[in-house]
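Chemist: Sequence first, predicted model second:
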Amino acid sequence: MALAFCGSGTFAQQSQDREAFESSQRGRFRSIDDVSLPASFKLAPGERLERFRCLVLSGVVQRIYTPYEWDMKIDNSSSAVGARTEVKANFAVDVAAFTNDGLGYFNDFMTVAWVKEEGPPRITVELSIETDDGLIKKLKFDNKQLVLRPTNRPWHPF
């Protein structure tokens, strides 16, 4: 008997059973993409990114990394799986806010699986940026501005 990993849990299951499960789950999705901010995005001098919010419609977040010293909440509470997923993240410690040196985090920072039965894939990433004088500005990126490319990461069943 082999061990199979599912999410954060481990369960004992025959290999062929695990493969059948993964195949049936994989069949629910039209594609699985890694998401990045545009490479051209930079903060102006004196700006720092203090929080971000991602709203995914017609898909589910399969993978996202939590930056060090940040708090993150993933909400999949929609009554229809895949209808809506929301990610909210903000720094927990002041020095953890991103400057231009930390923006590499947003290169393939999230993997989204697009549900076949739902509408067209839509994603929005909203950034909250604080300036030296304490003003907060918001920037939004959508499907047309974000970089979405098929993932080359191993597929993980939900």
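Modeler: Alright, I've got the coordinates. Here the structure is a predicted model, which means the values were calculated and not measured. Numbers count the residues shown, from 1 in each chain.
Chemist: looking at the sheet around the residue positioned nearest the centre of the chain, what are its partners?
Modeler: The residue lying closest to the centre of the chain (Cα atoms, centre = their mean) is residue 110, at 3.2 Å. As for beta bridges, residue 110 partners with residue 35, residue 64 under DSSP bridges.
Chemist: mind listing what it touches?
Modeler: By Cβ atoms under 8 Å, 6 or more residues apart in numbering, residue 110 lies in contact with 34, 35, 54, 61, 63, 64, 87. C-beta: built from backbone N, CA, C; applies to glycine.
Chemist: Among the residues you listed, which one lies nearest to residue 154?
Modeler: Nearest to residue 154 among the contacts of residue 110: residue 63, at 10.0 Å, using Cβ to Cβ.
Chemist: Name the nearest residue to the closest one, sequence neighbours excluded.
Modeler: Among residues not flanking residue 63 along the chain, residue 111 sits closest, at 4.1 Å (Cβ to Cβ, 6 or more residues apart in numbering).
Chemist: in the protein, which spans are strands?
Modeler: Here the chain has its strands, by DSSP state E, at 2-6, 9-13, 29-36, 48-57, 59-64, 70-75, 84-91, 110-115, 122-130, 136-141, 147-150.
Chemist: which helices and strands sit right next to the third one?
Modeler: Under the contact criterion of 3 or more Cβ pairs under 8 Å, 6 or more residues apart in numbering; DSSP states H and E, the helices and strands touching strand 29-36 comprise strand 110-115, strand 147-150.
Chemist: Of all these, which one is nearest residue 122?
Modeler: Residue 122 lies closest, by Cβ to Cβ, to one member of the helices and strands packed on strand 29-36: strand 110-115, at 9.7 Å.
Chemist: between the closest one and strand 122-130, what angle do the directions make?
Modeler: Angle of strand 110-115 versus strand 122-130, following axes from the mean of the first three to the mean of the last three Cα atoms, to 10 degrees, is 150 degrees.
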